[in-house]
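> Below is the structure, and that's it, no one-letter string:
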């Protein structure tokens with residue numbers, strides 16, 4: 001359940017990066033800090049930390065693509081490229097679309113990161129409006145600014161609900 005709580009109790013002793021499981025931390029330490037690369041390419045000798053990295057690399061030498069579209073037989077080395085192909089060419093699947101600016105993303109994670117940018121923009125505007133309200137020379141101007149702030153808070157709540 002640590003995935004849902006965000007708890008990461010295992011810290012790398014070298015760089016202090018935190019991990020959910022001890023095995024993930026050990027793998028990080030082995031690959032990043034100890035530079036263990038047990039998988040090597042039989043064509044060029046280049047070494048890789050994981051078997052999946054080696055398989056991906058082998059396609060450079062063999063010309064083989066690892067993933068094939070079942071609709072039209074187009075081939076791809078990258079799962080994201082296949083997913084994008086399915087969305088754009090065959091209309092299969094769904095984009096993750098920003099409800100604020102309509103920008104499209106392949107993954108929900110990228111959309112969530114993007115929404116944080118909108119939230120940051122709102123905080124910047126909110127901060128400036130609050131200082132303007134404090135400096136407003138009439139009560140009417142201040143009330144108008146308060147209405148704008150209220151609308152921004154509603155948008156922030158909507159963004160927050162959408163993200164989590």
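Structure's in. What do you need? What you see is a predicted model; the values in this text were computed from it and never measured. Numbering: from 1, shown residues only.
> rest of the way, CA atoms for contacts and neighbours
OK.
> Would you mind identifying the next helix or strand past the helix or strand where residue 80 lies?
Residue 80 is part of helix 79-90 when elements are defined by DSSP states H and E. Beyond helix 79-90 in the direction of the C-terminus, DSSP H and E gives the next helix or strand as strand 96-97.
> Could you list every helix and strand in contact with that next one?
Judged by 3 or more C-alpha pairs under 8 Å, 6 or more residues apart in numbering; DSSP states H and E, strand 96-97 is in contact with strand 104-105, helix 108-135.
> redo that, cut-off 6 Å
strand 104-105 (3 or more C-alpha pairs under 6 Å, 6 or more residues apart in numbering; DSSP states H and E).
> And the strand it packs on, how far out from the chain middle?
11 Å (C-alpha atoms, centre = their mean, to the nearest Å).
> Partner strands of it, with direction?
Strand 104-105 sits in its sheet next to strand 96-97 (antiparallel), going by DSSP bridges.
> Tell me which residues touch residue 18, please.
Residues in contact with residue 18 (C-alpha atoms under 6 Å, 6 or more residues apart in numbering) are 8, 10, 11.
> Generate a PyMOL selection restricted to the buried entries among these.
Filtering these down to the buried ones (16 or more other C-alpha atoms under 10 Å) takes a single PyMOL command:
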select buried, resi 10+11
